[in-house]
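Enquirer: for reference, the sequence and a predicted model appear below.
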Amino acid sequence: MRPVQGTLLALMMALGIQGAQAKEQALDSVVVVVDDSVVLQSELDRRIESISARLRQTGTQLPPADVLKQQVLDRLIVDSIQLQMATRASVQIDDKTLNDALLRTASANKISLPQLKVQLEGQGMDYSQFREDIRQELAISRLRQSTVGRRIQISEQEVENLLKSSAGQQQNNTELNLSHILVAFPSEATPDQIQAAKAEAEGIIKLLDNGKDFAQMAVSSSDGQRALEGGAFGWRKLNQLPGLFASAVEKVKPGQHSQLIRSASGYHIFQVNDRRGEARVMVTETNARHILIKTTAVVSDQQAKLQLLKLKKRLAQGESFADLASSYSQDAGSAINGGDLGWAKPGQFVPEFEQTMNRLKPNEISQPFKSQFGWHMMQLVDRRQQDSSEEVKKNQARQLIYRRKFDEELNTWLREIRDNAYVQIIGKAANTTTE
């Protein structure tokens with residue numbers, strides 16, 4: 001644990017410890033010190049109100065106020081740790097990435113982005129704060145993918161073993177919509193702590209068997225990351241789940257829950273909300289050429305774009321795209337092949353590149369467009385439909401293994417960063433246990 005820096009203590013005093021002056025006007029106050037940051041009372045209150053409103057909208061009964069407060073406080077502490085790590089790792093979410101995420105949210109609700117803003121403000125939410133919340137969620141997600149992803153190692157033997165297993169041979173496409181409750185115990189738990197966690201989990205099972213709502217139990221009792229969403233785990237392919245979980249839920253019918261499942265993190269309970277099968281997926285592969293002009297200290301965006309426009313005029317006069325790419329493209333890897341990028345599967349290129357490619361028809365040439373690598377001009381050569389090849393099957397197997405390991409490794413990593421963080425509860429919030 002690291003000591004609190006003097007500047008942070010000064011900030012705490014400025015925010016919440018101001019003696020007689022604090023009696024004269026209502027000031028925000030610090031409820032938790034988390035490493036080099038703080039959680040404010042206003043932030044805690046706002047998050048509790050937001051989550052309470054969402055639970056009421058979904059018809060989920062709210063847990064007792066002190067239980068909800070503890071759940072929210074724990075979430076804010078872990079989020080603060082991750083956001084500080086993201087800042088140190090220079091993780092940044094630009095406005096375009098943020099706006100794309102907001103557009104996806106609006107589209108999922110079948111409304112436009114301006115309508116989303118009006119709808120949120122009509123519910124009493126601050127749209128600017130909502131944007132900032134989404135930006136933070138994206139930063140945390142990116143940090144997790146990078147940090148936890150580096151901890152995961154997948155061998156070719158693991159891939160081969162999966163392909164040879166019954167799951168790999170049958171290409172099980174069953175998908176389950178799951179909800180999850182976790183009763184956690186410490187990483188170095190004593191037998192008494194493990195027994196206490198088991199007893200608590202068995203009590204939850206008994207309540208569920210007596211008709212208690214699963215989402216309500218998750219909100220009030222789960223230590224899982226999705227507790228405040230009613231434990232919603234979403235749709236998962238059966239063969240994407242860790243083997244321990246997959247075998248426990250494989251035969252569970254919709255509306256029923258699993259028995260207790262013990263892992264290194266604690267005791268788990270899953271509810272199967274729904275099941276569905278997935279048809280065979282045909283992959284659309286795309287073959288394209290491109291010319292890349294990079295921006296530098298001496299080549300501006302405008303100059304790079306202008307150079308591509310001049311090349312496009314030459315293309316209109318009958319010159320070959322491949323010849324111009326070989327002569328002018330600054331992507332050395334493709335320039336030697338006349339700008340040819342080969343057959344590519346969805347998701348292989350950066351979003352700007354893929355979006356432009358998807359809009360083109362065969363032999364059509366795009367207008368100049370910008371990505372993180374510079375300015376591009378693209379010619380779509382052709383598209384084709386491909387059934388699963390051996391390469392695709394291996395990639396799918398590798399992704400399945402990654403997902404299995406990621407979920408397990410994420411819980412371990414979150415516990416580690418929480419254990420290693422300096423956390424001090426201030427004032428009234430000290431009555432809430434976060435250990």
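Expert: Structure's in. What do you need? These numbers were taken from a predicted model, which means no experiment stands behind them.
Enquirer: measure residue 423 to residue 47 for me?
Expert: Remark: distance between residue 423 and residue 47 (CB to CB, to the nearest Å) = 17 Å. For the C-beta atoms, the positions are set from N, CA and C on the backbone; glycine is no exception.
Enquirer: now the longest strand anywhere in the chain: buried residues?
Expert: Secondary structure of the chain per DSSP state E: the longest strand is strand 374-386. Neighbour counts over strand 374-386 (16 or more other CB atoms under 10 Å) mark 374-381, 383 as buried.
Enquirer: and what of stretch 267-286?
Expert: Neighbour-count burial for stretch 267-286 flags 267-273, 285-286 (criterion: 16+ other CB under 10 Å).
Enquirer: what is the neighbour count of residue 391?
Expert: Number of residues near residue 391 (other CB atoms under 10 Å) recorded here: 10.
Enquirer: next helix or strand past the helix or strand harbouring it?
Expert: Secondary structure from DSSP states H and E places residue 391 in helix 390-420. Downstream of helix 390-420, the first helix or strand assigned by DSSP H and E is strand 423-425.
Enquirer: and that next one, what does it pack against?
Expert: strand 30-34 (3 or more CB pairs under 8 Å, 6 or more residues apart in numbering; DSSP states H and E).
Enquirer: which neighbours does the strand it packs on have in its sheet, and in what orientation?
Expert: strand 37-40 (antiparallel), strand 423-425 (antiparallel) (DSSP bridges).
Enquirer: tell me the mean pLDDT for the longest one?
Expert: Same thing as strand 37-40. The predicted model assigns strand 37-40 a mean pLDDT of 94.
Enquirer: got the CA coordinates for that strand in PDB?
Expert: Provided in PDB are the C-alpha atoms of strand 37-40 (Å, rounded to 0.1, in the frame of the first residue of the first chain):
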ATOM      1  CA  SER A  37      -7.800   9.700  -6.100                       C
ATOM      2  CA  VAL A  38     -11.000  10.100  -4.100                       C
ATOM      3  CA  VAL A  39     -14.600   9.200  -4.300                       C
ATOM      4  CA  LEU A  40     -16.900  12.000  -3.500                       C
END
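Enquirer: and the longest strand of the chain with helix 390-420, angle?
Expert: Interaxial angle of strand 374-386 relative to helix 390-420 (axes from the mean of the first three to the mean of the last three CA atoms, to 10 degrees): 120 degrees.
Enquirer: chain center to strand 374-386, what's the gap?
Expert: From the chain centre to the centre of strand 374-386 is a distance of 29 Å (CA atoms, centre = their mean, to the nearest Å).
Enquirer: how about the strands in the stretch 201-350 of the chain?
Expert: Per DSSP state E, counting those that start in this stretch, the stretch 201-350 of the chain has strands spanning 232-237, 256-257, 261-262, 266-276, 283-293, 340-344. These are given in chain order.
Enquirer: can you give me the helices in the stretch 201-350 of the chain?
Expert: 214-221, 243-249, 301-316, 321-328, 332-335 (DSSP state H, counting those that start in this stretch).
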